[in-house]
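> The sequence and its predicted three-dimensional model are supplied below.
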Protein chains: 2
Amino acid sequence: MRTADELRDAVEAYLGSLALAPELGALEQPLRYSLESGGKRVRPLLCLAVAEANGASLEDAMPAAAALELVHTFSLVHDDLPALDDDDERRGRPSAHVAFGDGVALLAGDALLAEAFRLALTYESPEVARHLAAATLGMIGGQYRDITGDTADLEELHGLKPGRLFVAAVQIGLEVAAVGAGERPRWVAFGEDVGLLFQVVDDLLDGDGYADRLGTEATRALADDVAARASSRLDELACDTTVLRDLLDALTFRTG
Amino acid sequence: MRTADELRDAVEAYLGSLALAPELGALEQPLRYSLESGGKRVRPLLCLAVAEANGASLEDAMPAAAALELVHTFSLVHDDLPALDDDDERRGRPSAHVAFGDGVALLAGDALLAEAFRLALTYESPEVARHLAAATLGMIGGQYRDITGDTADLEELHGLKPGRLFVAAVQIGLEVAAVGAGERPRWVAFGEDVGLLFQVVDDLLDGDGYADRLGTEATRALADDVAARASSRLDELACDTTVLRDLLDALTFRTG
């Protein structure tokens, strides 16, 4: 088993040398710019850790893990556009639309999504791509509710928005490792907790969402509860979950 | 064999009753608005006609054919946005972003692309979705060259932009009908001609592209040449190509 840092390095190396469709021409530049923005790579890491814990090789799991990061990056590039959140900065650098213009950023986002499917479709079975499509639709639905203010049910909204991609990361890791259907629900429940934890901590850091409704203390307590529940789910799994515990700790105590 | 009109009616009925991902919520409305805009459905028709000519059932081919129309519609919705072509009208109605706002139109386009993959992934084999991903990347690359003015090679540009989706329509029709690899190149060459014909006639109607470079008369002659070549390719195919000839005529002599 590799450590979380080793997995992260492997993801960076893979993304850095990823061959994009030659038809994209010079659009490759904004795609690479957006992909190399120093994110934490939580989704591919989660996928790789689940796949490795279940006996898959890193090589087998990597295209699927990268596809998850591409979908995540697609959503960031489009969300940053003036038509949506109108964010000029992303991780301390100009957002894609500031660096390359709105039209190119729009196309770069589209291309990232299409490239994600191309990667997910390098597998013999369509299952990886099916999970990715379902998660992408859930994310888009969540973003729609977000911008239209239909955020009555925060749990539902977050289950759709960031949560769906965390669950997909787990599902895809299980798929690559060919884990039996009977084994999966416990893993998927863990993925749901990780997605919720990510969002609750996000709200805590941003002072909105849960933090806005429940107050800081209650939100911190909620994060700890969800983390404890996720951790106890790992206890029940009969395999090496060291990396997943590290990931869980990093998400629970992150400060940015 | 059904007629082209019967196939078109079947496409309309299928798209009209297509169940979208429930997670999309009220985003379903702009998706349906964009899908029900009275297009000619050339791409799904081409796919269905190729599939039927090769012995596939309409039912088997329909999800793939619809996926092509969804990708086409995704590209129209995004191209119409102010960030790209800034078109306020589409087929005599307000474009999606005028009717629903830029942000919702952006998300609706994203959702159309993701729904297209969901449909293409209802097949047991990932091949349909693979063709769709490759064509989508080619289209996006073509659109990028278009907006950045890198249009030196018109044949290459058009091969990427609308052409890729016509070729994919043929490839996907062949895939659904399980046509052997040896049979495919002649069909794909036909698809390339149809894509080129579509673009040449488009330029003729808009007075740009080929019409701008070659003049009206030479462009009309080019369209006729490409149509004749496509027709002679059909002569060589040992199956009922009536619908494909009707489609070819409709594309050659269209006035809008």
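Yep, that arrived.
> State the mean pLDDT of the one helix or strand A:Arg130 maps to.
Assigned by DSSP states H and E, A:Arg130 belongs to helix A:127-148. Helix A:127-148 shows a mean pLDDT of 94.
> what does stretch A:100-109 give?
98.
> Go ahead and measure how far that stretch is from the middle of the chain.
Relative to its chain's centre, stretch A:100-109 lies at 21 Å (C-alpha atoms, centre = their mean, to the nearest Å).
> what does stretch A:59-78 give?
Between the centre of stretch A:59-78 and the centre of its chain there are 8 Å (C-alpha atoms, centre = their mean).
> Tell me the buried residues in it?
Neighbour-count burial for stretch A:59-78, counted by 16 or more other C-beta atoms under 10 Å in any protein chain shown, picks out A:61-78. Using the backbone N, CA and C atoms, a C-beta is placed for each residue, glycine as well.
> one step back: can you give me the buried ones in the helix holding A:Arg130?
Residues A:127-147 are the ones in helix A:127-148 that count as buried (16+ other C-beta under 10 Å).
> just stretch A:96-110 next, same as before
Result for stretch A:96-110 [16+ other C-beta under 10 Å]: buried residues A:96-100, A:102-110.
> so which of those residues also contact chain B?
When C-beta under 8 Å from any C-beta of the partner chain is applied, the members of the buried residues of stretch A:96-110 adjacent to chain B are A:His97, A:Asp102, A:Gly103, A:Val104, A:Ala105, A:Leu106, A:Leu107, A:Gly109, A:Asp110.
> which of the residues you listed lies closest to chain B?
A:Asp102 (3.7 Å; C-beta to the nearest C-beta).
> Chain neighbours aside, what residue packs nearest to the closest one?
Leaving aside its chain neighbours, A:Asp102 sits nearest to B:Ala83 (3.7 Å; criterion: C-beta to C-beta, 6 or more residues apart in numbering or on different chains).
> Low-confidence ranges, the stretch 101-250 of chain A, go.
A:151-160, A:162 (pLDDT under 70).
> still on that earlier bit, quickly note the distance from the residue nearest to A:Asp102 to A:Ala108.
As judged by C-beta to C-beta, to the nearest Å, B:Ala83 and A:Ala108 stand 11 Å apart.
> Work out for me the element A:Gly191 sits within.
Using DSSP H and E, A:Gly191 sits within helix A:184-206.
> Residues contacting stretch A:88-106, please?
A:27, A:29-30, A:33-34, A:37-39, A:76-78, A:80-83, A:87, A:108-109, B:78, B:81-84, B:106, B:144, B:147-148 (C-beta atoms under 8 Å, 6 or more residues apart in numbering or on different chains).
> cutoff 6 Å now
Residues outside stretch A:88-106 that contact it (C-beta atoms under 6 Å, 6 or more residues apart in numbering or on different chains) are A:Pro30, A:Ser34, A:Ser37, A:Gly38, A:Val77, A:Asp80, A:Leu81, A:Asp87, A:Ala108, B:Ala83, B:Leu84, B:Ile147.
> now these in a markdown table, with secondary structure?
A markdown table is the format used below for the contacts of stretch A:88-106 (DSSP: H, G, I helix; E, B strand; the rest coil):
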| residue | secondary structure |
| --- | --- |
| A:Pro30 | helix |
| A:Ser34 | helix |
| A:Ser37 | coil |
| A:Gly38 | coil |
| A:Val77 | helix |
| A:Asp80 | helix |
| A:Leu81 | coil |
| A:Asp87 | coil |
| A:Ala108 | helix |
| B:Ala83 | coil |
| B:Leu84 | coil |
| B:Ile147 | helix |
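> Of these, which one scores lowest on pLDDT?
Checking pLDDT across the contacts of stretch A:88-106, the minimum falls on A:Gly38 at 76.
> and that one, how many neighbours does it have?
Neighbours of A:Gly38 under the rule other C-beta atoms under 10 Å in any protein chain shown: 10.
> and what of A:Asp208?
Other residues close to A:Asp208 by other C-beta under 10 Å number 11.
> Name the SS class of it, please.
The local conformation at A:Asp208, judged by three-state DSSP, is coil.
> which residues does the closest residue to A:Asn54 other than its chain neighbours contact?
Excluding the flanking residues, the one nearest A:Asn54 by C-beta to C-beta, 6+ apart is A:Ala177, at 3.6 Å. Counting by C-beta under 6 Å, 6+ apart, A:Ala177 touches A:Ala51, A:Asn54, A:Gly55, A:Ala56.
> Helices - which of these land there?
Among the contacts of A:Ala177, the members falling in helices (DSSP state H) are A:Ala51.
> Serialize the contacts of A:Ala177 to JSON lines and add fields for neighbour count.
Shown next, in JSON lines, are these (neighbours: other C-beta atoms under 10 Å in any protein chain shown):
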{"residue": "A:Ala51", "neighbour count": "27"}
{"residue": "A:Asn54", "neighbour count": "20"}
{"residue": "A:Gly55", "neighbour count": "10"}
{"residue": "A:Ala56", "neighbour count": "22"}
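> In the contacts of A:Ala177, find the pair that's most separated.
Pairwise distances across those peak at 8.3 Å for A:Ala51 and A:Gly55 (criterion: C-beta to C-beta).
> Once you drop chain neighbours, what's closest to A:Met53?
No Met there; residue A:53 is Ala. Nearest one to A:Ala53, counting by C-beta to C-beta, 6+ apart, is A:Cys239 at 4.7 Å.
> Phi first, then psi, for that neighbour.
Dihedral pair for A:Cys239: phi -160, psi 170, per degrees, to the nearest 10.
> burial measure for it, as a count.
Neighbour tally, A:Cys239, other C-beta under 10 Å: 13.
> One more: A:Tyr123?
Applying other C-beta under 10 Å, we find 18 residues neighbouring A:Tyr123.
> A:Lys161 now?
22.
> hang on, the earlier thing: distance check, the residue nearest to A:Asp102 against B:Leu107.
Look at B:Ala83 and B:Leu107: by C-beta to C-beta, they are 14 Å apart.
> what do you get for A:Pro126?
For A:Pro126, the distance to B:Leu107 - C-beta to C-beta - is 25 Å.
> got it, and A:Tyr33?
Going from A:Tyr33 to B:Leu107 by C-beta to C-beta gives 23 Å.
> again, but for A:Gly25
Going from A:Gly25 to B:Leu107 by C-beta to C-beta gives 26 Å.
> Tell me if A:Leu18 really is in a helix.
No - under three-state DSSP, A:Leu18 sits outside any helix and is assigned coil.
> mind checking pLDDT for it?
On pLDDT, A:Leu18 comes in at 97.
> now A:His78
Confidence at A:His78, expressed as pLDDT, is 98.
> again with A:Tyr33
A:Tyr33 is assigned 97 on the pLDDT scale.
> For A:Gly173, which residues are in contact?
Counting by C-beta under 6 Å, 6+ apart, A:Gly173 makes contact with A:Cys47, A:Val50, A:Ala51.
> near chain B, which residues of the stretch 51-200 of chain A show up?
Listed as neighbours of chain B in the stretch 51-200 of chain A under the rule C-beta under 6 Å from any C-beta of the partner chain: A:83-84, A:102-103, A:106-107, A:110-111, A:114, A:117-118, A:121, A:126, A:129-130, A:133, A:136-138, A:140-141, A:143-144, A:147, A:160.
> same thing but 7 Å
A:78, A:81, A:83-84, A:102-103, A:106-107, A:110-111, A:113-115, A:117-118, A:121, A:126, A:129-130, A:133, A:136-138, A:140-141, A:143-145, A:147, A:160 (C-beta under 7 Å from any C-beta of the partner chain).
> ok, and the closest non-adjacent residue to the spatially most central residue of chain A?
By C-alpha atoms, centre = their mean, chain A has its centre lying nearest to A:Arg43, at 3.6 Å. Once flanking residues are discounted, A:Arg43 sits nearest to A:Leu68: 4.3 Å by C-beta to C-beta, 6+ apart.
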